[in-house]
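In: Below: sequence and its predicted model.
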Amino acid sequence: MERRYIHFETPELAKIISDTPPAPGPEEVLIAVDHAGINRADLLQRLGLYPPPEDASPIPGLEVAGTVAALGKNCSALQEGDRVCALTHGGGYASHAIAREDHCLKLPNSLSTEQGAALPEALLTVWYNVVERGQLSANETVLIHGGSSGIGSIGIQMATALGTNVLSTAGSTSRCNAVEALGATFVANHREGSLIEQFTDAGYDGKIDVILDIAGGDLMQANLDLAAPDGRIVCIGVMRGMQTEINLATLFMKRLTLTGSTLRRLDTGERARCFSAIRERIWPQVVAGDIQPIVDQAYPLAEVLAAHEHMRLGTHFGKLVLDCQMG
Ligand SMILES: NC(=O)c1ccc[n+]([C@@H]2O[C@H](COP(=O)([O-])OP(=O)(O)OC[C@H]3O[C@@H](n4cnc5c(N)ncnc54)[C@H](OP(=O)(O)O)[C@@H]3O)[C@@H](O)[C@H]2O)c1
C-alpha cells in the first residue's frame, strides 16, 4: 500500500510525497481518504505561523472522510470498509490518514465523502464552544458571527436544531440572504454600517445570550454591548485582530463571561467526550438531512495552493475540501 501526502517545501511550493501508510495505534484506525476538509489553521501552518503541536503529524489536514482500511487492536466500534468522517491530529492532506476510533463518525449513505469531510472540525468547534463553553440552552438567542464560513454555516444549523433563536453576520447582502436561508432569523452585514445599530433596529440590543466570535478585534466591544445580562461570549478567531480595547465596565455591569478555546489544543479525551455528545444530540439530524454540510468547491490534492488562495480571499460559502484521490 502506498500513501501520498502533501508536503509544503516552502509556503508557495507544495509537493506530493509517497511513502508507506503508518500503522494505526491500538485505539486508532487507518482511513483511506477520499476527501479532506480545509481550515484557516492550515493556511497559517503552511506559512509557518501556526506550528502543529509536538505530538501531531507534521502533515497538514485536520479532518477527513473516506473508508476504514485498518483497525488498531483495541478498536471495536468500527469495521474495515466502514465509511467515516474523522478529526485527525494532522495528516489529513493525504491518501491515507490516522484518526482515533472515538474521533470518527460513521457516514450515512445519504452523505458523500466530499460532504463528510466538511463536518468534523465544524461540529466539534461549535459543540465545544457554543454548547459547552457558552452553555447555550433551548429558547435562548445565539449570535454566530461569520454565518457564511465553514464554522458558521454548520453552527447556524446546529443551533437551530437545538431549539435556539439564531442571529448571524456576513459580508454582503447576498451572503446575508444565503445565511438567512440556513435558519438564521436575522443577519447583519458587517461591511455596511454599525453592527450595533443593525441588531438594535432588529430588537436584539442587550438580548443575546451567547455569542460565537470568529473574528475578534473590534467585534469584541460590539459583542459586549449586544450581550444580554449573564451572557456568554466565546472567541475562537482573530481575523479582525488579536488586540483590541474593551470597556471592562460592560463586562461586570452585565455579569458577562468572556472565554475562548482552540480545538487543536483540546486533549483527546475531551474531544472524544464531545464526539460522544455529538453522536447523541446532533448526528441524528445530520443523518436525517436537517443539518447539511455546505461544500463550495473540491480541489484535487495537487491543487492545494489554489484551494488555500480561494480560502484566503474569503469568497467561498461554507467549506472548501480537497479530493485526495485526484492527484
Ligand atoms: N479556535 C478554534 O478551535 C477554531 C476552530 C475552527 C476555526 N476557527 C477560526 O474560526 C474562523 C472561521 O473558520 P472557518 O474555517 O469557518 O473559516 P472560513 O470558512 O474561511 O470563513 C471565514 C469567513 O469569515 C468572514 N470574514 C472574513 N473577514 C472578516 C472580517 N474582517 N470580519 C468578519 N467576518 C469576516 C468571511 O465571510 P463574509 O465575507 O461573509 O463575512 C469568511 O467567509 C477562523 O478565524 C478560524 O481560524 C477557530
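Out: Great, that's in hand. Remember, predicted model here, so these are calculated numbers, not experimental data.

In: In the stretch 1-150 of the chain, mark out all the strands, start to finish.
Out: 3-10, 13-19, 28-37, 63-71, 83-87, 96-100, 104-106, 141-144 (DSSP state E, counting those that start in this stretch).

In: Check the stretch 201-327 of the chain too.
Out: Listed in chain order, the strands of the stretch 201-327 of the chain (DSSP E, counting those that start in this stretch) span 208-213, 227-235, 257-260, 295-300, 319-323.

In: average model confidence for stretch 34-51?
Out: What stretch 34-51 shows for mean pLDDT is 96.

In: er, stretch 249-268 I mean
Out: pLDDT averaged over stretch 249-268 gives 96.

In: Pull the contacting residues for the closest residue to the ligand within the stretch 201-327 of the chain.
Out: Closest contact between the stretch 201-327 of the chain and the ligand, by C-beta to the nearest ligand atom, is at residue 237 (2.6 Å). No exception for glycine: its C-beta is placed from N, CA and C like everyone else's. With contact set as C-beta atoms under 8 Å, 6 or more residues apart in numbering, residue 237 has these partners: 40, 146, 213-216.

In: In helices, which of the residues you listed fall?
Out: residue 40 (DSSP state H).

In: The residue nearest to residue 238 when sequence neighbours are not counted: neighbouring residues, count only.
Out: Excluding the flanking residues, the one nearest residue 238 by C-beta to C-beta, 6 or more residues apart in numbering is residue 216, at 4.0 Å. Using other C-beta atoms under 10 Å, residue 216 is surrounded by 20 other residues.

In: Which residues are in contact with residue 216?
Out: The contact partners of residue 216, by C-beta under 8 Å, 6+ apart, come to 235, 237-242, 244.

In: picking up where we left off before, need the strands of the stretch 1-150 of the chain in TSV with distance to residue 259 and mean neighbour count, can you?
Out: Below are these laid out as TSV (distance: least, C-beta to C-beta, whole Å; neighbours: other C-beta atoms under 10 Å):
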stretch	distance to residue 259	mean neighbour count
strand 3-10	32	17
strand 13-19	36	13
strand 28-37	25	27
strand 63-71	24	24
strand 83-87	21	26
strand 96-100	26	25
strand 104-106	26	21
strand 141-144	15	27
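
In: Of those strands, which is nearest the ligand?
Out: Closest among these, once you apply C-beta to the nearest ligand atom, is strand 28-37, at 8.5 Å.

In: Just the CA atoms of that closest one, as CSV, please.
Out: Extracted in CSV, the C-alpha atoms of strand 28-37 (Å, rounded to 0.1, in the frame of the first residue of the first chain):
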residue,chain,number,x,y,z
GLU,A,28,-6.7,4.3,16.1
VAL,A,29,-7.9,3.5,12.6
LEU,A,30,-6.2,4.0,9.2
ILE,A,31,-8.6,5.8,6.8
ALA,A,32,-8.3,5.6,3.0
VAL,A,33,-9.1,9.3,2.5
ASP,A,34,-11.4,10.4,-0.3
HIS,A,35,-11.7,14.0,0.8
ALA,A,36,-10.0,16.3,3.4
GLY,A,37,-11.5,19.5,4.8
